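*Asks:* Here is the input, now give the coordinates:
(chains A and B)
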Amino acid sequence: MKIFGFHLMPYQGLPSEHLDSTNSSWVTLSNAEFDPARGHELYERYIGELIAYDRAGLDGVCVNEHHQSPYGMMPSPNVIAGVLVPQTSCQIAILGNALPLRDHPLRIAEEVAMLDVISGGRIISGFVRGIGAEYHSFGMDPSQSRDRFYEAHDLIVAAWTRPGPFEWYGRHYKFRYVNPWPRPLQQPHPPIWSPSQGSGETVDWAARNRYTYLQTYSDIETVRRVFNGVRAAADGYGYTLPPGQLGWALPVCVADTDAAAEAIALPALDTLFNKLIRMPKDLFFPAGYTSAASAARIMASKGGLGSGMADVRDLVERGYAVVGSPETVRGRLEQYQKELGFGVLCPMFQFGSLGHEDFTASLTLFAEQVMPALRPLGTA
Amino acid sequence: MTAQAMAAEYVNVRNIRIWMAHGGEGQPLLYLPGTAPEFDDPALSLISQDFHVYRPHHPGFGRSDEDPAVDSVVDLAFRYLDLLDALGLDRVHVAGLSLGGWIAAQIAVLAPERVAKLVLVCPAGLRPPVPVPDMFTMDVVELAMLVHHEPQVRKEAVANMCDLAGDTERFTRYLRSRAATAHLGWNPYLHDPKLAGRLHRVRSEVLLVWGAHDQLLPPECALAWQQALPRSRVELIEEAGHRPQAEQPAAFAALMRDFLT
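*Replies:* Got it, this is the predicted structure:
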């Protein structure tokens, strides 16, 4: 199994008036609440934590893109990847650049190629649509999101692989000259990953292109159903899905005992799932972001992530996070791997309000007492 | 006169099927609904006593087909000129509500000779001179609260929207219209910065109708329209918000009749 340490870089230090309210943490929460001096301390700490993943012997680190929210301070994951390149020797997975938000996808082709060449070929390039709220933040018509995603992807891969210059006249993007310098070091291009919450269209797209499919924030039954969907889609495209093409990203917390791990993790998960992800459904799923049929199902359902009303203990029991002693975490992840067959794990050791010392202790216990048992799994 | 029965059917317009109700006695009136054409318009039966009304679901909305050629209100206005051709209508009155008002004004800009008289009811299309709420951040119930002022109509509309989520077919159709609205009006928010500079091309008389308590596009928006259309007249409907056709159907239909006949 390949293990990549994930980090969201959440802003810490929001006033309790916001945390205890039901107000959105996206789009409309004023950036007057962002204290740049506090932000500086947090960036230093979090960059150190990403470097700690490398030092602890993980295969790679994961950074990602989010906008206008304390949920994560990485509007540009490529900037953080650039900071990490000279300070690490592991792979760097950008999970991912939100393609449809850009009017100029060639900029993504250029930046990822730069990072790949500078890092000596250590970049994994994730591509995502961006979450619904970001269509508000970027003034981008959500009804065109999926179409723009596909076309931007096709353009970037063409820009990396076809000798330029060539013309591109698509529905959404038009260029007289596609000819980015530099080209990526990895050939034919850096590995592409597809992080998703499990939409049927994305599952099919990832399987068709043989990209690593990465499931985020889900209960274990959803993970099982989606992974089976990816396998079935691969079968349909005439190949057997290797474990390395299935990944799972989730918060993980290890402490000396189950009780100690819960005491650390539950309040931090509450911050993550009930305060930082919190937003109205019409921000989460703006008009046209999903098909009308999916939207009708989503809008009619009560609760769910983003509503601010999740019972975090229940979330842990359902597999949204793995929390416990080294024995417990090892046992659960071994069991899940056996049942679900994934070959990539992206544990998030910092989440929500979790502090640096707890992070360090959790990562150290994981690296020393959990990771060795996971390594041989999911390699066949 | 008595209320006229309306027929509804698909009309083929350059291989796009447009769902359209039509009927009534009198001069032809292209009557363009707002962002949710699948909901009933209580003024329709009154208006059809005086006019032969054509009320389409915009392409991409309600029951009409997706139209890959439509990415903007300008595109939609061209498509409605195709519809007039398909119907063999040379010159018609055009009335538009909300989003439909924006489309109606755009039709009159593109083909002024085809518009006899123009009625714009709480139209979108010009940048509001005052801050306005963002309909795309609201759920269906919040939006129903916002667009109605008349208490009884608002209460019924809210109840209707609360029930909507339980009726998958109707809800899906509504969400389809909402996505199509986003495609036309997400950014810039419900307006076209170039429209004001083109409205001088409109040749017909123009009536602007506004609900006195419209909170989605407040009556101050009428000032922007009057600046661009100096010969237009404004009528405010009291005890109405953004949907005067539903909140005060009789007063609304009377204004239409007086202006158009």
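
*Asks:* okay but A:A113 is in contact with A:P180, surely?
*Replies:* Yes - in this structure, A:A113 is within contact of A:P180 by Cβ atoms under 8 Å, at 6.3 Å. (Each C-beta comes from the backbone N, C-alpha and C, glycine too.)

*Asks:* Need the overlap of contacts for those two.
*Replies:* A:W160 (Cβ atoms under 8 Å, 6 or more residues apart in numbering or on different chains).

*Asks:* between those two, who's got more neighbours?
*Replies:* Ranked by neighbour count (other Cβ atoms under 10 Å in any protein chain shown), A:A113 and A:P180 place A:A113 first, with 24 against 21.

*Asks:* how many other residues sit next to the nearest residue in space to that one that is not next to it in sequence?
*Replies:* Among residues not flanking A:A113 along the chain, A:P184 sits closest, at 4.5 Å (Cβ to Cβ, 6 or more residues apart in numbering or on different chains). For A:P184, the count of nearby residues is 22 (other Cβ under 10 Å).

*Asks:* Pretty sure A:P184 sits in a helix.
*Replies:* No - counting by DSSP: H, G, I helix; E, B strand; the rest coil, A:P184 is not part of a helix but coil.

*Asks:* Next, the contact list for it, please.
*Replies:* A:112-113, A:116-117, A:121, A:123, A:160, A:190.

*Asks:* Selecting buried members of the residues you listed in ChimeraX, what would you type?
*Replies:* To isolate the buried ones among the contacts of A:P184 in ChimeraX, judged by 16 or more other Cβ atoms under 10 Å in any protein chain shown, type:
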select /A:112,113,116,123,160,190
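
*Asks:* Helices - which of the contacts of A:P184 land there?
*Replies:* A:112-113, A:116-117, A:160 (DSSP state H).

*Asks:* Neighbouring strands - and their directions - for the helix or strand hosting B:H93?
*Replies:* Using DSSP states H and E, B:H93 sits in strand B:92-97. Looking at strand B:92-97 with DSSP bridges, its partner strands are strand B:27-32 (parallel), strand B:115-121 (parallel).

*Asks:* avg pLDDT for the shortest one?
*Replies:* Per-region confidence: strand B:27-32 scores 98 on mean pLDDT.

*Asks:* Now do the buried residues in it.
*Replies:* For strand B:27-32, by 16+ other Cβ under 10 Å, it's B:28-32.

*Asks:* just the last one next, same as before
*Replies:* Within strand B:115-121, the residues that qualify as buried by neighbour count (16+ other Cβ under 10 Å) are B:115-121.

*Asks:* Tell me the confidence at the residue lying closest to A:A255 once chain neighbours are set aside?
*Replies:* Excluding its sequence neighbours, the residue lying closest to A:A255 (Cβ to Cβ, 6+ apart) is A:A261, at 3.9 Å. At A:A261, the pLDDT value in this model is 98.

*Asks:* element containing A:A261?
*Replies:* helix A:258-270.

*Asks:* do A:V83 as well
*Replies:* helix A:77-84.

*Asks:* Widest-spaced pair of the ones in helices among the contacts of A:P184?
*Replies:* Greatest spatial distance in the ones in helices among the contacts of A:P184: A:V117 and A:W160, 11.6 Å, computed using Cβ to Cβ.

*Asks:* Fine, thanks again, bye for now.
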